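Student: sequence isn't available, so here's the structure alone:
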């Protein structure tokens, strides 16, 4: 089975994001990076598919040259081959999806896996866009997946905790949510393999962004709050404030 | 014409609240741009939408819409975006909207401004503002052509209008056999359970509530009672979800759901930056924590210093008394 997992390098979730002087990007000083959290569930799903059905897992990443670190982490977790589509700028999901789809046209794939959302741009759309551009079925936000005989049975998380069940033919695009699996940490064998792996780098074939950034701003400041009181004695005053001052109940 | 096409999601024959909010936002934007808000309905009758801001109501029909299909719905929306020549295409950022609208935008060779909290017009052109990094920053974006955007539930208000719209049937130009992915079955969640991302009031529990399988059992029951008393959804911090105390669908924060309810009550949550990011868009934040130095108090509008054991049941009683009038 040919499995492709698309990953993204993103600031770690404990990063403090401040707009940079250009007003369009964030200040890069002091930011650490990691594989975007949900992509790790996609990597794990890819490795589990390989373990069950045999085959090859290729990691595909569009990002800056520094993203080789994240790509090597994916190899260390158990992926087999890696490709980096180099683009140094922050790109939107349309540009990213277009570049990934362009590469996937000549990269064999029975299934293409994504994290359902990125922790930075949070567009939750790249996987579905790739599916549309390649004319493939897509199921997003998968929380269970069984693959057999060129087809997949997938459950996705819908509104109110409901689960929608799909049966789709492969090749297909699936985006992965927490709950699908528990992802593994790299072991020593993986880390050694990652060191030896040659990460193929090619320039990303990406069009202009579909939505152009006008500005990146800090969120609107919140007004100073107040401590209503201590313990159970404070609850009546809190309810009064919520009703009369904040007018939310 | 600078018209605004709004996909209005239906569930069990009725438009969902988030979709009416999107229609409200669409109608206000259309007025500002000098165009009309056009509602597109798939799987409903569109009956009330003329009173909710729609100047035109398109209702899709055909065997291809009997069950939800991401590629099918995407095709219908992209087709109608082209047919109406809309300047803006909107939908609510519900689990359904988040799923298929990205496909539809790609089909139209457009980008997507996802999960927006503000829409405005600058220099005659529509601009969408969306929280990124779970709300640690806001990104204002513009599209070179049609602006496609999904709107965060509860970030926009509904509209009312004079009900002059007539229903225009739209025949879907493809059949069910051409669909690639179709919902075959819906496995119910907990009956009547509110989704944290869509609820107007959220009560969240953190590590301070302790293990529900052990000494925290009563605390979690008390939290559920508080949520029931005020019609809230129950949310949770990442620590709680990672410990297996609550389902991952309840997680609020950068690696969970980003929420903007009108009232968010954080109980026993210290307030890690990832959690604060996910809920700081709430209108009013209440924090209950025994540690007066907990970071949660920095974003809270109202705080009570105290244990969840003591404060949560007392608060439930106070709310119940107040709501009885």
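Tutor: Nice, thanks for sending it over. Computed from a predicted model, the values in this text were never measured in an experiment. Numbering: from 1, shown residues only, chains lettered A, B, ... in the order given.

Student: what's the burial count for residue 96?
Tutor: I went with chain A, as the question did not name one. 30 (other C-beta atoms under 10 Å in any protein chain shown). For glycine as for every other residue, the C-beta is placed from the backbone atoms N, C-alpha and C.

Student: chain B was what I was after
Tutor: Around residue B:96 sit 24 other residues, with neighbours defined as other C-beta under 10 Å.

Student: could you find the closest non-adjacent residue to it?
Tutor: residue B:9 (5.5 Å; C-beta to C-beta, 6 or more residues apart in numbering or on different chains).

Student: got a list of what that neighbour touches?
Tutor: Residue B:9 makes contact with B:15-16, B:18-19, B:91-92, B:94, B:96-97 under the criterion C-beta atoms under 8 Å, 6 or more residues apart in numbering or on different chains.

Student: hmm, residue B:134 is touching residue A:122, no?
Tutor: Yes. Counting by C-beta atoms under 8 Å, residue A:122 is a contact partner of residue B:134 at 6.8 Å.

Student: give me the common contacts of the two.
Tutor: Common neighbours of residue B:134 and residue A:122 are listed as residue B:258 (criterion: C-beta under 8 Å, 6+ apart).

Student: more neighbours: which of the two?
Tutor: Between residue B:134 and residue A:122, residue B:134 has the larger neighbour count (other C-beta under 10 Å), namely 27 against 22.

Student: check contacts around that one.
Tutor: With C-beta under 8 Å, 6+ apart, residue B:134 has these contacts: A:13, A:119, A:122, B:253-254, B:258, B:274, B:277-278.

Student: per-residue pLDDT, it?
Tutor: Among the per-residue scores, residue B:134 holds a pLDDT of 88.

Student: ok, residue A:2 next?
Tutor: Looking at residue A:2, the pLDDT reads 98.

Student: tell me the contacts of it?
Tutor: The contact partners of residue A:2, by C-beta under 8 Å, 6+ apart, come to A:55-56, A:58, A:108-111.

Student: one more pass at 7 Å, please.
Tutor: Contacts of residue A:2 were listed using C-beta atoms under 7 Å, 6 or more residues apart in numbering or on different chains, and they are A:55-56, A:108-110.

Student: which residues in chain A form strands?
Tutor: Under the criterion DSSP state E, chain A carries strands at the ranges A:2-7, A:9-11, A:33-35, A:56-63, A:81-86, A:111-115, A:138-148, A:151-157, A:163-169, A:172-176, A:200-203, A:212-217, A:226-230.

Student: low-confidence stretches in the stretch 201-325 of chain B?
Tutor: Scanning the stretch 201-325 of chain B for pLDDT under 70 picks out B:325.

Student: can you tell me the SS state at the residue in chain B that chain A sits nearest to?
Tutor: Closest to chain A within chain B is residue B:111: 1.6 Å, counting by C-beta to the nearest C-beta. Under the three-state scheme (DSSP: H, G, I helix; E, B strand; the rest coil), residue B:111 adopts coil.

Student: pretty sure it sits against residue B:143.
Tutor: Yes. Residue B:111 is in contact with residue B:143 according to C-beta atoms under 7 Å; the separation is 6.3 Å.

Student: ok, these two, which is more surrounded?
Tutor: Higher neighbour count among residue B:111 and residue B:143: residue B:111, with 34 against 26, using other C-beta under 10 Å.

Student: what parts of the stretch 151-300 of chain B come near chain A?
Tutor: Contact residues, the stretch 151-300 of chain B versus chain A (C-beta under 7 Å from any C-beta of the partner chain): B:180-181, B:183-190, B:193-195, B:198, B:230, B:248-249, B:254-255, B:262-263, B:273-274, B:280, B:283-284, B:286, B:297, B:299-300.

Student: which among the contacts of residue B:134 gets closest to residue A:77?
Tutor: Using C-beta to C-beta, residue A:119 comes nearest to residue A:77 of the contacts of residue B:134, at 17.7 Å.

Student: and that closest one, how many residues sit next to it?
Tutor: By other C-beta under 10 Å, the residues close to residue A:119 number 25.

Student: and it, what does it touch?
Tutor: Neighbouring residues of residue A:119 by C-beta under 7 Å, 6+ apart: A:10, A:13, A:36-37, B:254-255.

Student: save these as a markdown table, and put in neighbour count and distance to residue B:139 too.
Tutor: Formatted as a markdown table, the contacts of residue A:119 follow (neighbours: other C-beta atoms under 10 Å in any protein chain shown; distance: C-beta to C-beta, whole Å):
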| residue | neighbour count | distance to residue B:139 |
| --- | --- | --- |
| A:10 | 25 | 14 |
| A:13 | 23 | 17 |
| A:36 | 25 | 16 |
| A:37 | 20 | 19 |
| B:254 | 27 | 15 |
| B:255 | 22 | 19 |
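
Student: fine by me, we can end here.
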